[in-house]
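Participant: I'll drop the sequence and a predicted model, then ask my questions.
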Amino acid sequence: MIRLAFVLAVLVAGACPAWAGPVTILADHLDVWNNKKQALFTGNVYLKRDDLELFCDKLRVFYTEKNGIEHAVAKGHVRIRQGDKRGHADKAELDNQRQILTLTGHAVMEQPGGRIEGETIIYHIQQRTTEVLQGKGERVKMSIDENSSRKTSGKAPSGASP
């Protein structure tokens, strides 16, 4: 299989701050429809921008007239990694205009000391807020391991005596 490396530096002109730097995407195959302002990456897709990494089976990128990323949709075995945070879901969608990342379908986000699970996890990038939604008849789940967070941070929690 041929691996394609495609640097989308031109796609960031006029884009919002979350996608202000160059984006590199590797995939087994690439289709581009300039008339529709779309690109479809398939097979072992890997996206990297700064410290954010995304892995999936398919990634469809929608771009604007000025070649900024409008939004992107990742499907199939979606995994996200940024620093010590990890996530996975059936699908991920980035709305670059509104600065929202949405994970859907068995969505999980983890970091040292904690884990959240739900049908949908919505992350507001600029506000740094997270909303977790569950499907009908299900419940949202959050796990916190205080011992793990103390070990990871090296600091005692606020209000704790040494």
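Facilitator: Great, that's in hand.

Participant: which residues pair with the nearest residue to residue 46 once chain neighbours are set aside across the strands?
Facilitator: Spatially, and ignoring its direct neighbours in sequence, residue 46 is nearest to residue 26 (4.5 Å; CB to CB, 6 or more residues apart in numbering). The way it works is simple: take the backbone N, C-alpha and C, and place the C-beta from them, glycine included. Listed by DSSP bridges, the beta-bridge partners for residue 26 are residue 5, residue 46.

Participant: how about the strands in this protein?
Facilitator: Taking DSSP state E as the test, the strands found in the chain are 4-7, 24-27, 29-33, 38-49, 52-63, 69-82, 85-95, 100-111, 114-124, 129-133, 141-144.

Participant: remind me which residues of the chain are low pLDDT?
Facilitator: Counting by pLDDT under 70, the chain contains low-confidence ranges at 1-21, 67, 148-162.

Participant: so which residue is dead centre in it?
Facilitator: In the chain, the residue lying closest to the centroid (CA atoms, centre = their mean) is residue 80, at 5.1 Å.

Participant: for it, name its beta-bridge partners.
Facilitator: With DSSP bridges as the criterion, residue 80 is bridged to residue 54, residue 87.

Participant: measure it to residue 51 for me?
Facilitator: 11 Å (CB to CB, to the nearest Å).

Participant: and what of residue 97?
Facilitator: Between residue 97 and residue 51 the computed distance is 22 Å (CB to CB).
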